[in-house]
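J.: Turn this into a structure:
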Amino acid sequence: MNNLLILENYLKLKNTKLLLEVGCNQGLTTQNLSKIKKLRLLAIDENQFHLNIAKKKLAKNNKVQFKKIDFFKIKNKKKFDIILFREFFNIFTYNKNIKILKKSEKILNSKGIVILIDFYRSVIIRSKLIRFLIKSKELTKNQNKFLKSPKDYKKYFNDRKWEVKIINKDLLNQHISFKSRILEMIFPVKYTLIATKKK
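T.: Prediction:
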């Protein structure tokens, strides 16, 4: 069973659901998600250039909408069934990540799902590269708790009575090179966390 089917099984989609993809970039993950039959997608990003590329890739797909908007400016009355963050949390500080999750809770339907796909912090070279690229001392200082391991995410959601499942691989890696996929099988560096609201 391929990873996309594994994700689809975890989502248990009986009816069509609306998924918000945060930080869709140039639409590679969006393309993968659009293959799941019972999903409609709103893919957002703040980079218009990236959005234009993504729109071209999915121009004929009527299941997907794109929007240039800051995640925090989405109105709370707008409700989603699923919110996806892929390679997103390792960029920000601990406090920013908490704000992102609190905002997610406000715009999710009852029994909504948050999906986090990211790297373990133990991937030292990648962590250092990210810190260098965004030139952030604050990131180095605040990266200690939230990004240490998926267990920290699990505790966050469990404290809020969410059901949590962690899979030690990236379930949306269809666009990744074959060599990278083999490397991940030998030495897992990523995880997919699926958190479901109980109410």
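
J.: Direction included, what does whichever strand in the chain runs longest pair against?
T.: If you go by DSSP state E, the chain has its longest strand at strand 108-119. Note on strand 108-119: by DSSP bridges, its sheet partners are strand 80-86 (parallel), strand 190-196 (antiparallel).

J.: quick one: the strands in this structure?
T.: 17-22, 39-45, 64-68, 80-86, 108-119, 163-167, 190-196.

J.: Could you dump the ones you listed into JSON lines and include mean neighbour count and distance to residue 157?
T.: No exception for glycine: its C-beta is placed from N, CA and C like everyone else's. Putting those into JSON lines (neighbours: other C-beta atoms under 10 Å; distance: least, C-beta to C-beta, whole Å) gives the following:
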{"stretch": "strand 17-22", "mean neighbour count": "21", "distance to residue 157": "17"}
{"stretch": "strand 39-45", "mean neighbour count": "20", "distance to residue 157": "22"}
{"stretch": "strand 64-68", "mean neighbour count": "16", "distance to residue 157": "27"}
{"stretch": "strand 80-86", "mean neighbour count": "23", "distance to residue 157": "13"}
{"stretch": "strand 108-119", "mean neighbour count": "19", "distance to residue 157": "8"}
{"stretch": "strand 163-167", "mean neighbour count": "15", "distance to residue 157": "5"}
{"stretch": "strand 190-196", "mean neighbour count": "21", "distance to residue 157": "4"}
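
J.: Take these and lay them out in a markdown table including mean pLDDT and distance to residue 31.
T.: What follows is these, written out as a markdown table (pLDDT from 0 to 100; distance: least, C-beta to C-beta, whole Å):
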| stretch | mean pLDDT | distance to residue 31 |
| --- | --- | --- |
| strand 17-22 | 97 | 11 |
| strand 39-45 | 96 | 10 |
| strand 64-68 | 96 | 9 |
| strand 80-86 | 96 | 13 |
| strand 108-119 | 90 | 15 |
| strand 163-167 | 86 | 21 |
| strand 190-196 | 87 | 18 |
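
J.: Export those strands as TSV, with columns for distance to residue 54.
T.: Listed next are the strands of the chain as TSV, based on distance: least, C-beta to C-beta, whole Å:
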stretch	distance to residue 54
strand 17-22	10
strand 39-45	7
strand 64-68	6
strand 80-86	13
strand 108-119	18
strand 163-167	26
strand 190-196	21
